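Colleague: Any chance you can model this:
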Amino acid sequence: MSGWLALSSRDGVPVDDGAWAAALASAGARKPQEWSAPDRRAKLAAWRRDSGEFEHSGKLHRSESGCVAWAGVCLEESGENTADAIGLLTGTGTAQVAALNGEFAAAAVDSKTGTLRLWTDRHRHYPVYVWRGNGMTAASTELACVVPFIPKPALDLRSIDLFMRVGEFIDGRTPLEGVEVLPSGACVQDGPAGTTRYWRLRHRGDASIGIDAAASELAARLTAAVRRLQARYPRLITPLSGGLDSRLILGLCRNPATVPSVTWGDAGCRDLLYAEAFAARIGSPHRSFPFDPAGFAARWTDGVAATGGCFPVRDMFILPFSPGLAEKADIALNGLAGDVFLGGNFLKNSWLGAGRLPDLAEQTWRWRVPAEEEELTAGLVAGAGKPEPREEWVRSITASGEGRPIETLVDWLLENRIFRFTNCGTLLLRTALESYSPFFDRDVVDYLLRVPLEYRVKHRLYLKVLCQASPAAAEIPWQRTAIAPKRGYAASLASMAFHRVLRGLGKRLGFVPFPGEQVASPADWFRGPWSQQVQSLLFGERALSRKVLNADALRRVWDAHQSGRNLSRALGALVALELFCLRFLDRVPVVAEGKSA
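Modeller: Residues are numbered from 1 along each chain as shown. Now for the predicted structure:
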């Protein structure tokens, strides 16, 4: 994928040419462009593939005002304005950057002052990893490029402990001590100026906006978002599921019959069935691929490298299929975040009227980590210390905003679960081709932030938008309900309730009422086709000798899963951690001084 590396020496320390070369080699960069400031106190590099990239992405852009390493794209109704956007980044102003419409990350060096500035877009589509030490700052869109500059890379045990519990990293945390991921909407100036958040997600519902008016306006804005991408980059492909997000954006294309689509899942699942039906309905050239569990394990190391070790292997469903997508297109039209932004997936009726944010934060911890699972994973990371992951989760939420508790919570979940966790899936796509997500369009998000959250509960608003924007998409059953969305909110709500009742009954009586509802079976794969390889990784001499994990607790988690409990999230994180150590830390210390296990 396209990317860049930036190095700045604040104290006149010479750039370590050996570390610089190792960093570029770690990224697997082919023929990177390189630039050095006249005094050699700053260096930039950028790289890209021969195809499957936005026009300006993975390049260095030089001007009288400085040099910018850029990844991504900016689009307006008038066309692509990436070149103009790049021109803004060597200056100090942020208001114009906040108005940009696109997905990007950049490093800019001002030619007059030599100042390095690092930029992320509103939604952190591209990660920017930063390490500071020895009088220098190293930053890159790939973690592998930062590690060579760190004298003694060491694991951040507290962050990893949280990863084992919830399967994700929050805030700016990474697996490595001293390495952070920059927040969304950020400008970071090397030196005393520090970090500026030039834009933040802030839901502030306006009760004067009616639900029908909101649906009409959002349908128009989503249509415009899809078509401005298609006008500039017509060689698209859509990863199509049986859900609503991908079918909506595919249905909004100017001529869907010219946009191929692809679906994967367990044989016979609803995703395959309904995606095939929708593709046939609109004429999209379509292919389906049943999952082959062995195909995942062979690519896990690549996935860990692409996501910086921040994504459990359990969730790397797209990884084996990305190369095939690149054969047919340059850009994946991605339905990322529709279910959350528009569908209210993070909303529960009991949360809407919450009076205290700390209480709501506590509820979300239990929502994410059932008590039984928390007990089984306790003590898994040796030497993690205090505070407990639950405390850090709650503290992060309560410190994140000042709006209504539910609005603050949704903003936090979006910035962490979507901007970080779900975007890791997009990084797997980007190992082969670019990706663009219309649900993150500036005009769509700016309007959605004003729409009352209450409209989104159980996809009430979403169903109205779908019926207005793409009637064909509303005619095909939705995998969550097994009925067509055009039947309306009441019918969908009744179907969801019926599904919930039967699932509960099936759990008590030992049967699966809707076998086609499940898209993938990672819990079963950890007991079957993945079992031998996972055991050799987690219980091998190399892994146990690290003494990062408590061997007894690790065995407890493994045995509990093999006995029928679903601990696939923890196992997916454990495998990702060991592969991360093999990829990034093998033959170097893996525990920070003073924090030995």
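
Colleague: CA only for contacts and neighbour counts going forward, please
Modeller: Noted.

Colleague: Export stretch 260-275 to PDB, keeping only CA atoms.
Modeller: Output of stretch 260-275 as PDB, limited to C-alpha atoms (Å, rounded to 0.1, in the frame of the first residue of the first chain):
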ATOM      1  CA  PRO A 260     -18.300  -5.600 -10.000                       C
ATOM      2  CA  SER A 261     -19.000  -7.000  -6.600                       C
ATOM      3  CA  VAL A 262     -17.700  -9.900  -4.500                       C
ATOM      4  CA  THR A 263     -18.900 -11.700  -1.400                       C
ATOM      5  CA  TRP A 264     -17.400 -14.300   0.900                       C
ATOM      6  CA  GLY A 265     -18.700 -16.300   3.800                       C
ATOM      7  CA  ASP A 266     -19.600 -19.700   5.100                       C
ATOM      8  CA  ALA A 267     -21.300 -21.800   2.400                       C
ATOM      9  CA  GLY A 268     -25.100 -21.300   2.500                       C
ATOM     10  CA  CYS A 269     -25.000 -18.200   4.700                       C
ATOM     11  CA  ARG A 270     -27.400 -15.400   4.300                       C
ATOM     12  CA  ASP A 271     -24.600 -13.000   3.200                       C
ATOM     13  CA  LEU A 272     -23.900 -15.100   0.100                       C
ATOM     14  CA  LEU A 273     -27.600 -15.600  -0.600                       C
ATOM     15  CA  TYR A 274     -28.700 -12.000  -0.300                       C
ATOM     16  CA  ALA A 275     -25.600 -10.500  -1.900                       C
END
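
Colleague: May I see the buried residues of it?
Modeller: Using 16 or more other CA atoms under 10 Å as the burial criterion, the residues of stretch 260-275 that qualify are 260-267, 269-275.

Colleague: where does the protein have its least confident helix or strand?
Modeller: Least confident helix or strand of the chain, by mean pLDDT, DSSP states H and E, is strand 194-197 with a mean of 86.

Colleague: Can you spell out which helices and strands pack onto the longest strand anywhere in the chain?
Modeller: Looking across the chain with DSSP state E, the single longest strand is strand 66-76. Packing partners of strand 66-76 (3 or more CA pairs under 8 Å, 6 or more residues apart in numbering; DSSP states H and E): strand 3-9, strand 42-47, strand 59-63, helix 82-87, strand 102-110, helix 211-232.

Colleague: try it again with 7 Å
Modeller: strand 42-47, strand 59-63, helix 82-87, strand 102-110 (3 or more CA pairs under 7 Å, 6 or more residues apart in numbering; DSSP states H and E).

Colleague: Tell me which of those sits nearest to Lys486.
Modeller: strand 102-110 (31.8 Å; CA to CA).

Colleague: Tell me the helix or strand right after the closest one.
Modeller: The helix or strand immediately downstream of strand 102-110 is strand 116-120, counting by DSSP states H and E.

Colleague: Just give the strands next to that following strand in its sheet, each with its orientation.
Modeller: In the sheet, strand 116-120 lines up against strand 102-110 (antiparallel), strand 186-189 (antiparallel) (DSSP bridges).

Colleague: Kindly format the C-alpha coordinates of it as PDB.
Modeller: Extracted C-alpha coordinates of strand 116-120, given in PDB (Å, rounded to 0.1, in the frame of the first residue of the first chain):
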ATOM      1  CA  LEU A 116       7.800  18.900  10.700                       C
ATOM      2  CA  ARG A 117       4.000  18.700  10.900                       C
ATOM      3  CA  LEU A 118       2.100  15.400  10.900                       C
ATOM      4  CA  TRP A 119      -1.500  15.400   9.800                       C
ATOM      5  CA  THR A 120      -4.400  12.900  10.100                       C
END
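
Colleague: If we go by neighbour counts, what in whichever helix or strand comes after it is buried?
Modeller: Sequence-wise, the next helix or strand downstream of strand 116-120 (DSSP H and E) is strand 129-133. Buried residues in strand 129-133, defined by neighbour count with 16+ other CA under 10 Å: 129-132.

Colleague: Show me what strand 129-133 is in contact with.
Modeller: 137-143, 146, 178-182 (CA atoms under 7 Å, 6 or more residues apart in numbering).

Colleague: Would you give the sheet partners of it, along with the direction of each?
Modeller: Sheet pairing here is set by DSSP bridges, and for strand 129-133 it gives strand 136-140 (antiparallel), strand 179-181 (antiparallel).

Colleague: Deepest-packed of the ones you listed, please.
Modeller: strand 136-140 (a mean of 24; mean count of other CA atoms under 10 Å).

Colleague: What's the mean pLDDT across the next helix or strand after it?
Modeller: Using DSSP H and E, the next helix or strand after strand 136-140 towards the C-terminus is helix 157-166. Helix 157-166 carries an average pLDDT of 95.

Colleague: Ok, stretch 242-252 next?
Modeller: Mean predicted confidence for stretch 242-252 is 97.

Colleague: got the CA coordinates for that stretch in CSV?
Modeller: What follows is stretch 242-252 as a C-alpha-only set of coordinates in CSV (Å, rounded to 0.1, in the frame of the first residue of the first chain):
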residue,chain,number,x,y,z
GLY,A,242,-26.0,-9.4,2.9
GLY,A,243,-26.3,-6.3,5.1
LEU,A,244,-27.4,-2.8,4.2
ASP,A,245,-24.2,-0.8,3.9
SER,A,246,-22.5,-2.2,0.9
ARG,A,247,-25.7,-2.7,-1.1
LEU,A,248,-26.7,0.9,-0.5
ILE,A,249,-23.5,2.4,-1.8
LEU,A,250,-23.4,-0.1,-4.8
GLY,A,251,-27.0,0.9,-5.5
LEU,A,252,-26.1,4.6,-5.5
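
Colleague: which stretches of the stretch 251-400 of the chain form helices?
Modeller: 270-282, 293-297, 300-307, 322-326, 338-341, 349-352, 357-368, 371-377, 389-398 (DSSP state H, counting those that start in this stretch).

Colleague: Tell me which of those lies nearest to Asp50.
Modeller: So among the helices of the stretch 251-400 of the chain, helix 322-326 is nearest, using CA to CA, at 11.6 Å.

Colleague: Direction included, what does the longest strand of the chain pair against?
Modeller: strand 59-63 (antiparallel), strand 79-80 (antiparallel), strand 102-110 (antiparallel).

Colleague: Out of these, which is closest to Val73?
Modeller: The stretch from those with the least distance to Val73 (CA to CA) is strand 102-110; that distance is 5.6 Å.

Colleague: Give me the angle between that closest one and strand 42-47.
Modeller: Counting by axes from the mean of the first three to the mean of the last three CA atoms, to 10 degrees, strand 102-110 lies at 150 degrees to strand 42-47.

Colleague: spatially speaking, which residue is in the middle of this structure?
Modeller: Asn423 (1.5 Å; CA atoms, centre = their mean).

Colleague: wouldn't that one be in contact with His125 here?
Modeller: Yes. Assessed by CA atoms under 7 Å, Asn423 is found in contact with His125 at 6.4 Å.

Colleague: In CSV, list the buried residues of strand 129-133 along with distance to Ala27 and pLDDT.
Modeller: Listed next are those as CSV, based on distance: CA to CA, whole Å; pLDDT from 0 to 100:
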residue, distance to Ala27, pLDDT
Tyr129, 13, 97
Val130, 15, 96
Trp131, 16, 95
Arg132, 19, 92
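
Colleague: which among these gets closest to Phe311?
Modeller: Nearest to Phe311 out of the buried residues of strand 129-133 is Tyr129 (CA to CA; 15.1 Å).

Colleague: Show me the beta-bridge partners of that closest one.
Modeller: Ser140, Val181.

Colleague: roughly how far apart are it and Thr120?
Modeller: As for Tyr129, its distance to Thr120 is 11 Å (criterion: CA to CA, to the nearest Å).

Colleague: what does Ala332 give?
Modeller: Applying CA to CA to Ala332 and Thr120 gives a distance of 21 Å.

Colleague: ditto for Val15
Modeller: Counting by CA to CA, the separation of Val15 from Thr120 is 25 Å.

Colleague: Pick out whichever of those two has more residues nearby.
Modeller: More crowded of Val15 and Thr120, by other CA atoms under 10 Å: Thr120, with 26 against 17.
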